[in-house]
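J.: Fold the following and give me the result.
(2 chains)
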Protein chains: 2
Amino acid sequence: MSGELTVSPPLIDECEVVPRTLCGPGPSDYWPSVVEALTRPVLTFSTDEYFKVVDDIRNCLKYVFQTQSDLVLAMSGAGHTGMEAVICNLLGPGETLLIAGRGIWDDRACEMAKRYGIKTVVTKVPPHTTFVEQDLEPMLRRIRPAALFITHGDSSTGTIQDLSWVGKLCQKYGALLLVDTVVSIGGAPFLMDAWAVDAVYTSSQKALSGPAGISPIAFSKLAERKIQTRKHDPPFYFDIKMLSKQWNCYGDTRFYHHTMSPPLMWALRASLMELCKETLPASWARHRRVMLHFHKRLSEMPVQFYVPDPMHRLPTITTISLPEGYDAVKFAKYMANELKVVIMAGLGPTAPGGRVLRVGLMGANACEEVADRVVQAMADTLSAMRRSKL
Amino acid sequence: MSGELTVSPPLIDECEVVPRTLCGPGPSDYWPSVVEALTRPVLTFSTDEYFKVVDDIRNCLKYVFQTQSDLVLAMSGAGHTGMEAVICNLLGPGETLLIAGRGIWDDRACEMAKRYGIKTVVTKVPPHTTFVEQDLEPMLRRIRPAALFITHGDSSTGTIQDLSWVGKLCQKYGALLLVDTVVSIGGAPFLMDAWAVDAVYTSSQKALSGPAGISPIAFSKLAERKIQTRKHDPPFYFDIKMLSKQWNCYGDTRFYHHTMSPPLMWALRASLMELCKETLPASWARHRRVMLHFHKRLSEMPVQFYVPDPMHRLPTITTISLPEGYDAVKFAKYMANELKVVIMAGLGPTAPGGRVLRVGLMGANACEEVADRVVQAMADTLSAMRRSKL
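T.: The predicted structure follows:
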């Protein structure tokens, strides 16, 4: 057999990784309990442990999303599988999705929707602000979309959308409300049922401080009815009708849909248990307290907030404008390489001009000590860049 | 805020897991180096380490698939994302996919394809056999499909398909050849370029002995050309055009498509490095040697091979028929619970009758010692079930 080989084995060097503190818009550092969970034994489908982990994750998620809905599970993929699943399960070809845009993720939702023959209408506000009722009501009235897509926290702009009034408005016009909570869950109040949200997804590597690759998702009763009665079939991997059986959402099935990832199941369970143990109100308060501390310390530096209104500032991710003449990409690179603290430059609407930084203090890193480390590293970087004439 | 909560945090018990040897059709036990890799530091997009891990994985995969193609990467999801990606990237609505079926996975490929408006034609052989040229040529000539889908190893039947002649036949009729190697890669010879395979995917939790959740995939030059010139757009998450940029397949882009899972990237790299170090011929020979040892020991027991022709038997997974009166599900349950060895009952074509067992000796578990442990546990289970009158 070996005579037939046409490609030789590669020479792979060791890959050393310098330890850094991860304070970009994600991923965050893991909770210690998550590290321990990653190496737990392989879970095999149909064992008692497998079913318990599945049930534990669902029970935690009902609390974390604040919902009594049964249709709660996790997608086996990046946060983008959550985004694509809420869209392709709830809208079919020819239906209209209204997209309330202020960052890069709503652009992506638009791109995904178009691939399914869904009609898309985008309405925008300036990226350093958020939507008010008068921005959305005329659009809903005129377009009568099947659904509205909006992000709760936006990691490209550092804004948080007040959602308390959006669900009621959508109900008035017969639209389902689809919400991206990738960078808000655990870090800012979110109440799925109280706010009448119909579909929501989040990601594991932000304020949950777990590894990326498994993405919680939940649907309201209304959304569930639409899924059960829809005429179109979404891609197999995203089909919530089948996934609800794999996840035993109705307590009656243990269907095999695909092989789930044992380390990611264990890790998600561990990071959700951290949040359940701390409780949502305590975690929200901690993120807010650390944000205020960080913002107070920033006000001593020659930088500005990209988001002028404090009410619109996302507790988990802060967007900061550097003084004229500084380059955000070089700034972040210096901090990562010389000072071992990772932050990121702007993305989407905050990229042009090259002066916006994005700093995340989320999950395990939402504490004063890490905030102070970031401030110190930023101050040192400002001096170094000033000395070297940028 | 806490006053608004409507769902209380759940009480989650500890989840102890009894250590077991995993000898079902997958998942397998991890290599020790994979366990170590799972807890390596979080990889952040755009760092040098991230790019090195991406490049290392691609270089290993070219060797493992035996291809000089540049379009080689890993999907962020279960093996089913590989299956869905080869189908929806290469065929559009109205095109025809010929499916050569002998197990459960070709049924799944059919179900996936239909969701994209692809026409499907299924041709079958009995599940305990495999295809010969005369089974496929008349179909290819008559139907002129855009592609043929076939599994190399089939975990539901324990058969392995000789692929050495299939690619040439497909070329004669202008059909692309799509191959599932989920349970064969690393365990049985597979030569992508030499056999003229156009698209192939595999899974990490079988003979690679890694965790599920990240799935290698590769496309030939011919398949690549079809992807570049196609008229349809697949779902965003599966779009190989975009993923090729995220994975730097052409050495010129470091595009962000979605957030990849750091523990799964590290783990896949580690399990591929095990295979590159051992070399393919040595790994294939080890799997074959252990299979022959296992089959010899089985011949001393009152069981039969489900696959009569030794040439058709898959080296990684053996299907075994129990004597009349035995229940395969109860048999596997007794072995897992009392003897801590996991094997599985039949699935798909091997489920009816309830007497077929599926035993996997793959990756880290492909060794004589584990084979002997399985034989001993099977013998003990046969006695116990005989004593208790089944």
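
J.: Let me see the contact set for the residue of the stretch 251-390 of chain A found nearest chain B.
T.: Distances between the stretch 251-390 of chain A and chain B by C-beta to the nearest C-beta are smallest at A:Ser261, namely 2.9 Å. Glycine gets a C-beta too; all of them are placed from N, C-alpha and C. Taking C-beta atoms under 8 Å, 6 or more residues apart in numbering or on different chains, we find A:Ser261 in contact with A:Ser76, A:Gly213, A:Ile214, B:Ala78, B:Pro211, B:Ala212, B:Gly213, B:Ile214, B:Ser261, B:Leu264.

J.: Excluding chain neighbours, what is closest to it?
T.: Spatial nearest neighbour of A:Ser261, excluding adjacent residues (C-beta to C-beta, 6 or more residues apart in numbering or on different chains): B:Gly213 at 2.9 Å.

J.: repeat for A:Pro126
T.: Leaving aside its chain neighbours, A:Pro126 sits nearest to A:Arg102 (7.5 Å; criterion: C-beta to C-beta, 6+ apart).

J.: Around that neighbour, count how many other residues there are.
T.: 25 (other C-beta atoms under 10 Å in any protein chain shown).

J.: Repeat that for A:Gly174.
T.: Using other C-beta under 10 Å, A:Gly174 has 11 neighbouring residues.

J.: Look at it and give its secondary structure.
T.: Three-state assignment for A:Gly174 (DSSP: H, G, I helix; E, B strand; the rest coil): coil.

J.: Touching, it and A:Arg144? I think so.
T.: Yes. Between A:Gly174 and A:Arg144 there is a contact under C-beta atoms under 8 Å: 6.8 Å.

J.: I'd like to know which residues of the stretch 251-390 of chain A are adjacent to chain B.
T.: A:257-264, A:267, A:269, A:273, A:276-277, A:279-281, A:284-285, A:336, A:342 (C-beta under 8 Å from any C-beta of the partner chain).

J.: Which of those fall in helices?
T.: Among these, DSSP state H puts A:262-264, A:267, A:269, A:273, A:276-277, A:280-281, A:284-285, A:336 in helices.

J.: Excluding chain neighbours, give the residue nearest to the residue nearest to the spatial centre of chain A in space.
T.: When C-alpha atoms, centre = their mean is applied to chain A, the residue found nearest the centroid is A:Val182 (1.4 Å). Distance criterion C-beta to C-beta, 6+ apart; nearest residue to A:Val182, sequence neighbours excluded, is A:Ser203 at 4.3 Å.

J.: which stretch of helix or strand covers that neighbour?
T.: Per DSSP states H and E, A:Ser203 falls between elements, in no helix or strand.

J.: residues near it, how many?
T.: 28.

J.: Same question for the one 3 residues further on.
T.: Around A:Lys206 sit 29 other residues, with neighbours defined as other C-beta under 10 Å.

J.: Would you mind measuring from it to chain B?
T.: Taking C-beta to the nearest C-beta, to the nearest Å as the measure, A:Lys206 falls 10 Å from chain B.

J.: give the contact list for that residue.
T.: A:Lys206 is in contact with A:25-28, A:155, A:182-183, A:185-187, A:316, A:360, A:362-363, counting by C-beta under 8 Å, 6+ apart.

J.: circling back: confidence score at the residue nearest to A:Val182?
T.: Model confidence at A:Ser203, expressed as pLDDT, equals 97.

J.: Kindly report the same for the one 10 residues further on.
T.: We have a pLDDT of 98 for A:Gly213.

J.: Identify the residues contacting A:Ser164.
T.: Contacts for A:Ser164 (C-beta under 8 Å, 6+ apart) come out as A:Trp195.

J.: which residues in the stretch 201-350 of chain A form helices?
T.: A:221-229, A:240-246, A:262-278, A:280-298, A:328-339 (DSSP state H, counting those that start in this stretch).

J.: Show me how far the last one is from its chain's centre.
T.: Right, helix A:328-339. Its chain's C-alpha centre and that of helix A:328-339 lie 24 Å apart, by C-alpha atoms, centre = their mean, to the nearest Å.

J.: Buried residues of it, list them for me.
T.: By neighbour count on 16 or more other C-beta atoms under 10 Å in any protein chain shown, the buried set for helix A:328-339 is A:Ala328, A:Phe331, A:Ala332, A:Tyr334, A:Met335, A:Ala336, A:Leu339.

J.: could those residues go into CSV alongside distance to A:Ser388 and pLDDT?
T.: CSV is the format used below for the buried residues of helix A:328-339 (distance: C-beta to C-beta, whole Å; pLDDT from 0 to 100):
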residue, distance to A:Ser388, pLDDT
A:Ala328, 16, 97
A:Phe331, 12, 97
A:Ala332, 16, 97
A:Tyr334, 9, 96
A:Met335, 14, 97
A:Ala336, 17, 95
A:Leu339, 15, 97
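
J.: tell me which residues of stretch A:236-251 are tucked away?
T.: For stretch A:236-251, burial by neighbour count (16+ other C-beta under 10 Å) applies to A:236-240, A:242-249.

J.: looking at the helices of the stretch 201-350 of chain A, which is buried most?
T.: The highest mean neighbour count among those, using mean count of other C-beta atoms under 10 Å in any protein chain shown, belongs to helix A:262-278: a mean of 24.

J.: Point out the other helices and strands that it packs with.
T.: Judged by 3 or more C-beta pairs under 8 Å, 6 or more residues apart in numbering or on different chains; DSSP states H and E, helix A:262-278 is in contact with helix A:32-38, helix A:48-65, helix B:262-278.

J.: what's the longest one packed up against?
T.: Contacts of helix A:48-65 with other secondary structure elements, assessed using 3+ C-beta pairs under 8 Å, 6+ apart, are made with strand A:72-75, strand A:215-219, helix A:262-278.

J.: List of residues touching it?
T.: Outside helix A:48-65, the residues that touch it by C-beta under 8 Å, 6+ apart are A:41, A:43-44, A:68-69, A:72-74, A:185-186, A:190, A:192, A:200, A:216, A:218, A:247-249, A:254, A:265-266, A:268-269, A:272-273, A:275-276, A:280, B:7-10, B:12, B:15-18.

J.: how does chain A divide into domains?
T.: Following automatic domain parsing, chain A resolves into domains at A:21-27+A:279-387, A:32-277.

J.: Please identify the most buried of these.
T.: Burial of the domains of chain A is given as mean neighbour count (mean count of other C-beta under 10 Å); domain A:32-277 ranks first at a mean of 21.

J.: distance between the ends of that one?
T.: 14 Å (C-alpha to C-alpha, to the nearest Å).

J.: from the buried residues of stretch A:236-251, which are also near chain B?
T.: Restricting the buried residues of stretch A:236-251 to those touching chain B (C-beta under 8 Å from any C-beta) yields A:Phe236, A:Tyr237, A:Phe238.
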